[in-house]
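S.K.: Any chance you can model this:
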Amino acid sequence: MGISERRERERVERRRAILNCAKELILLQGVERVSMEDIAQKAELSKATIYLYFSGKDVLLNEICEESAQVFLNHFRPLLETGLSGIDILKRFWRSYVELFGSSDDMIIIFKVRNFLNSWQPIILQGEPGKSPYVEAILGALKGIIDQCKGEGVFDPDLDSTLASSLLLSMFTILVENAACIPPGNPDSDESRVQMQREARKSPALIEEMTKAFQIIIRGFAREGLDRSCLDISAA
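M.R.: Model prediction:
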């Protein structure tokens, strides 16, 4: 390996280390409390070095948000290629969401960062300034599922699919934010605290409450006269 290739590899590895340190700090402290200096100390680099890679905190956070959104999108994108009915895809989407919610920190990170960058806008809308293209893709996928449900006579044909998809994703944001505030107990290290938070997100009671909220919303999308038993997401 030549000198230029080695330097490029080192640059990529250092950039990755900075992003990983920032993610860890966001999980532990919240976005608001994390500073570039904190990230530099965590990465054992000078603050000036951090700024060589990221011109500011917002730039760094946007990259984190985009990475985490990509993880989320890649997790449920295969559901769109199953050939199932729209409501069955939506049910499986929910199951996939719950699975990712309990096992991945990326979902917590993306919504925490998004809420910090767009605190003025509680509802996630398509075309929202500063939003990752992957979040746009998630909204587009949800809109496609909702349109399919409308076309199959399950959802109200007059339902605004764009607004409905934004409502669902915003609901996920609220649920994630609430889960992120779960008291972690009395950990003896940062690693233990993060692990406790992960385990808390798998609480059956918490998942049940999340499911009830999701169920209420999609029942509100149903067309008039529909037998709403077909919307039971526990039957996915």
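S.K.: the bottom helix or strand of this structure by mean pLDDT?
M.R.: helix 106-117 (a mean of 64; mean pLDDT, DSSP states H and E).
S.K.: Give me the next element, helix or strand, following that one.
M.R.: helix 133-151 (DSSP states H and E).
S.K.: All the strands of the protein, residue numbers only.
M.R.: Taking DSSP state E, the chain contains no strands at all.
S.K.: which stretches of this protein form helices?
M.R.: Counting by DSSP state H, one finds helices in the chain at the ranges 3-29, 36-43, 47-53, 57-76, 86-103, 106-117, 133-151, 161-180, 190-200, 204-221.
S.K.: List the contacts of the shortest one.
M.R.: The set of residues that contact helix 47-53 without belonging to it, under Cβ atoms under 8 Å, 6 or more residues apart in numbering, is 14-15, 18, 36-37, 39-40, 43. C-beta here means a position set from N, CA and C on the backbone, and glycine is covered the same way.
S.K.: ok, 7 Å please
M.R.: 15, 18, 36-37, 39-40 (Cβ atoms under 7 Å, 6 or more residues apart in numbering).
S.K.: okay, the helices of the chain in a markdown table with distance to residue 227 and mean neighbour count next?
M.R.: Shown next, in a markdown table, are these (distance: least, Cβ to Cβ, whole Å; neighbours: other Cβ atoms under 10 Å):
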| stretch | distance to residue 227 | mean neighbour count |
| --- | --- | --- |
| helix 3-29 | 43 | 15 |
| helix 36-43 | 53 | 17 |
| helix 47-53 | 56 | 14 |
| helix 57-76 | 27 | 19 |
| helix 86-103 | 12 | 19 |
| helix 106-117 | 33 | 23 |
| helix 133-151 | 14 | 19 |
| helix 161-180 | 20 | 19 |
| helix 190-200 | 36 | 15 |
| helix 204-221 | 11 | 15 |
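S.K.: I'd like those helices as a markdown table, with distance to residue 228 appended.
M.R.: As requested, those are exported to a markdown table (distance: least, Cβ to Cβ, whole Å):
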| stretch | distance to residue 228 |
| --- | --- |
| helix 3-29 | 38 |
| helix 36-43 | 48 |
| helix 47-53 | 52 |
| helix 57-76 | 24 |
| helix 86-103 | 11 |
| helix 106-117 | 28 |
| helix 133-151 | 13 |
| helix 161-180 | 16 |
| helix 190-200 | 32 |
| helix 204-221 | 6 |
